[in-house]
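**Q** fold the following.
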Amino acid sequence: MIDKVNFKTVLQALSENYISVHVYDIKNNLMESIKTNSFIEKWSEGLDTLQAKLLNIMDHVTAEESVELIRNFVNFETLSQRLKGKKRIGRRIDSRSCRLYV
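**A** The predicted model follows:
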């Protein structure tokens with residue numbers, strides 16, 4: 001099991017391959033940036049809830065044809081139902097276009 005310090009070290013190493021990496025604490029409505037950029041910061045600025053921030057960010061970084069799917073994917077209200085019997089859920093990022101596809 002990875003402890004919290006080692007978890008952050010692993011995330012920082014992985015972040016070298018991504019534009020941004022964040023840890024979301026849904027229960028406490030917190031977003032921690034491991035690696036970010038000015039666009040992600042701008043798109044989350046002034047929004048009160050983690051859900052609102054995440055939806056706004058996803059609206060900007062998701063390919064147009066996948067916006068509805070990704071909004072459903074990041075919907076916190078349905079997360080526990082979607083995680084039933086699973087350890088994780090995920091989606092693919094196209095590194096050539098830097099866009100998220102569901």
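**Q** how deep is residue 57 tucked in, by neighbour count?
**A** Residues within reach of residue 57, counting by other CB atoms under 10 Å, total 21. All C-beta spots, glycine's among them, are computed from the backbone N, C-alpha and C.
**Q** now it. Nearest residue, chain neighbours left out?
**A** In this structure, residue 57 finds its nearest non-sequential neighbour in residue 43, 4.8 Å apart by CB to CB, 6 or more residues apart in numbering.
**Q** quick check: the one you found touching residue 54?
**A** No - Residue 43 is beyond contact range of residue 54, at 9.7 Å (criterion: CB atoms under 8 Å).
**Q** who's more crowded, these two?
**A** residue 54 (22 against 18).
**Q** give me every residue that touches that one.
**A** Taking CB atoms under 8 Å, 6 or more residues apart in numbering, we find residue 54 in contact with 24, 31, 74.
**Q** who are the contact partners of the most centrally placed residue in the chain?
**A** Geometric centre of the chain, nearest residue: residue 22, 6.2 Å, by CA atoms, centre = their mean. With CB under 8 Å, 6+ apart as the criterion, the residues that contact residue 22 are 31-34, 36, 40.
**Q** do the same with residue 35
**A** By CB under 8 Å, 6+ apart, residue 35 lies in contact with 12, 15, 18-21.
**Q** cool, and residue 71?
**A** By CB under 8 Å, 6+ apart, the contact list for residue 71 reads 55, 58-59.
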